[in-house]
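> predicted model and sequence follow; I will ask about them next.
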Amino acid sequence: MTPEIKERIDTLVEENKIMVFMKGNKLMPQCGFSNNVVQILNTLGVPFETIDVLDDYEIRQGIKEYSNWPTIPQVYINGQFVGGSDILIELYNKGELQQLVEVALAS
């Protein structure tokens, strides 16, 4: 990953309380896993931003290295990597995701 790509990812993660690196965008998810994440966040009714990794190969590869996580989507809350679709579903079902989001939005 180039320093420029790392800086772009740093900025996206730092400037957005909830940032989702996904295939497609929140209006048009391009895979089922990305759609799961969007649906969960929409259900919580929280603001979040997305970046379409299909539009940017450097971000698509860079985010995997950045998080040391091989799959997309990737969700960051309050600057911290939370996980992908399966982890978000698990956290949501346990009621823990709501708490994470509330703390992030309150800070």
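Yes, it's here.
> where in the chain is the helix or strand with the lowest mean pLDDT?
helix 96-106 (a mean of 93; mean pLDDT, DSSP states H and E).
> tell me what it is packed against?
Helices and strands touching helix 96-106, by 3 or more Cβ pairs under 8 Å, 6 or more residues apart in numbering; DSSP states H and E, are helix 32-44, strand 74-77, helix 85-94. All C-beta spots, glycine's among them, are computed from the backbone N, C-alpha and C.
> buried stuff in it?
Using 16 or more other Cβ atoms under 10 Å as the test for burial, helix 96-106 gives 97, 100-101, 104.
> what's the angle from it to helix 85-94?
Calculated by axes from the mean of the first three to the mean of the last three Cα atoms, to 10 degrees, helix 96-106 forms an angle of 90 degrees with helix 85-94.
> relative to helix 32-44, how tilted is helix 96-106?
70 degrees.
> could you export helix 96-106 as PDB, CA atoms only?
Below are the C-alpha coordinates for helix 96-106, written out as PDB (Å, rounded to 0.1, in the frame of the first residue of the first chain):
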ATOM      1  CA  GLU A  96     -23.800  -4.700  21.100                       C
ATOM      2  CA  LEU A  97     -23.800  -2.800  17.800                       C
ATOM      3  CA  GLN A  98     -26.400  -0.300  18.900                       C
ATOM      4  CA  GLN A  99     -24.200   0.500  21.900                       C
ATOM      5  CA  LEU A 100     -21.100   0.900  19.700                       C
ATOM      6  CA  VAL A 101     -22.900   3.200  17.400                       C
ATOM      7  CA  GLU A 102     -24.500   5.300  20.200                       C
ATOM      8  CA  VAL A 103     -21.100   5.900  21.800                       C
ATOM      9  CA  ALA A 104     -19.500   6.800  18.500                       C
ATOM     10  CA  LEU A 105     -22.200   9.300  17.500                       C
ATOM     11  CA  ALA A 106     -22.200  10.900  21.000                       C
END
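> this completes my enquiry, with thanks.
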